[in-house]
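Asks: Need coordinates for the below:
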Amino acid sequence: MRNPHDTLPDALHKRLAQCFDANALLLSPAQRLSYGYDNSRQFAMPAAVVLPSETAQVLELVRACRTHDMPIIARGRGTNTTGATVPLHGGMVVSFERMHRLLRMAPEDRLAVVEPGLLNGDLQQAAKPHALFWPPDPTSAAYSSIGGNIACNAGGPRAVKYGACRDNVLGLAAVTGAGELIRCGGATSKAASGYDFTRFIVGSEGTLALIVEATLALRPLPDARRALRALYSDVESAAAAVARLMAQAHTPSMLEFMDGECVRLAREIGGADIPAAGALLMIEADGDASTVDIAVAALERAACGPGL
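Replies: Numbering: from 1, shown residues only. Okay, the predicted model is just below:
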């Protein structure tokens, strides 16, 4: 049976054409093709692709699609591996790649206000001169968008100390499925009034609302970082080491686990210069240059144990 969401209705096309010019409303198969997949290797052709450049356009898009019963799939840069941006059941892809402005950098308040299309790596470069950084660091940080990071609650290895996106987003502006602009959270670490819609929307992959602005909590950039690598004979020994590492006073700033198969692939396919092992832990400490060595020594002691 033909899916009605695989094609763009004429009435919806006419309405969107009044708000988006030809290079922001992609209709040809060649234009739509690259928006039909992400890093999951799944594929489905969208009925259309829309590239808004401002919040007013997102509002009009949602209202128009609601009127014509057209599903919307939010997309950042398509770096996720979950298929979250693939229109498997038809619908329209809205890509936020053109909403990429850094709206405000406030070093004195340790926060940044950004549009969803800004790249994680670009934010880090903007924050670095102020000796600040945004903790979430997924593998794709250099080329993934802040909006995509937030939608997937990305974290990366630093989440062990600094948390994932949900712990580093202060507030959001988003467009609901009813075509309403809402603001939640604020510019402070503690905002106890009202419902905590910010944490609710983070990680919802665009199913609850389309993020159009985010207020992010920045952290002081550590003076120094030191790394350790620990190899174990089996997964159980590595897991026991993780328990010891997290039970002592010096929380690692990064903790990454690899089982034996990952180690093998890293050696044989990735060309990594590491010995064969049943499991591996990559451990990092950060902080003041005068104290980081103390933290590293404590982490090294905790990593030592049976199976090392």
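
Asks: Look at the closest residue to residue 137 other than its chain neighbours and say how many residues are nearby.
Replies: Excluding the flanking residues, the one nearest residue 137 by Cβ to Cβ, 6 or more residues apart in numbering is residue 156, at 3.8 Å. Yep, even glycine has a C-beta here, placed from its N, CA and C like the rest. Residue 156 has 20 neighbours, counted by other Cβ atoms under 10 Å.

Asks: Assess the claim that residue 156 and residue 141 are in contact.
Replies: Yes - in this structure, residue 156 is within contact of residue 141 by Cβ atoms under 8 Å, at 6.9 Å.

Asks: Can you give the domain ranges for this structure?
Replies: Domain assignment for the chain, taken from automatic domain parsing, gives 4-95, 102-220, 224-303.

Asks: Take these and lay them out in CSV including mean pLDDT.
Replies: Below are these laid out as CSV (pLDDT from 0 to 100):
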stretch, mean pLDDT
domain 4-95, 95
domain 102-220, 96
domain 224-303, 96
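
Asks: how about the strands of this structure, start to end?
Replies: Using DSSP state E, the strands assigned to the chain run over residues 25-26, 48-50, 72-75, 92-95, 102-106, 111-114, 132-133, 169-176, 181-185, 209-217, 219-220, 224-232, 254-259, 279-287.

Asks: re the thing from before, from residue 282, how far off is the residue nearest to residue 137?
Replies: 12 Å (Cβ to Cβ, to the nearest Å).

Asks: swap in residue 58?
Replies: On the measure of Cβ to Cβ, residue 58 and residue 282 end up 39 Å apart.

Asks: Give me the more crowded residue out of the two.
Replies: Between residue 58 and residue 282, residue 58 has the larger neighbour count (other Cβ under 10 Å), namely 25 against 16.

Asks: Okay, the more buried one and residue 65: tell me how far apart.
Replies: In terms of Cβ to Cβ, residue 58 sits 11 Å off from residue 65.

Asks: Repeat that for residue 53.
Replies: Going from residue 53 to residue 65 by Cβ to Cβ gives 18 Å.

Asks: Neighbour count for the two, which is higher?
Replies: Taking other Cβ under 10 Å, residue 53 and residue 65 do not tie; residue 65 has more neighbours (22 against 17).

Asks: Please tell me how far stretch 259-271 is from the chain's geometric centre.
Replies: Relative to its chain's centre, stretch 259-271 lies at 25 Å (Cα atoms, centre = their mean, to the nearest Å).

Asks: same check, this time on stretch 182-197
Replies: 20 Å.

Asks: Next, count neighbours for residue 202.
Replies: Close neighbours of residue 202, defined as other Cβ under 10 Å, add up to 24.

Asks: List the residues that contact it.
Replies: 150, 151, 153, 165, 166, 169, 172 (Cβ atoms under 8 Å, 6 or more residues apart in numbering).

Asks: which one is it nearest to, not counting chain neighbours?
Replies: Using Cβ to Cβ, 6+ apart and skipping the chain neighbours, the partner closest in space to residue 202 is residue 166 (4.5 Å).
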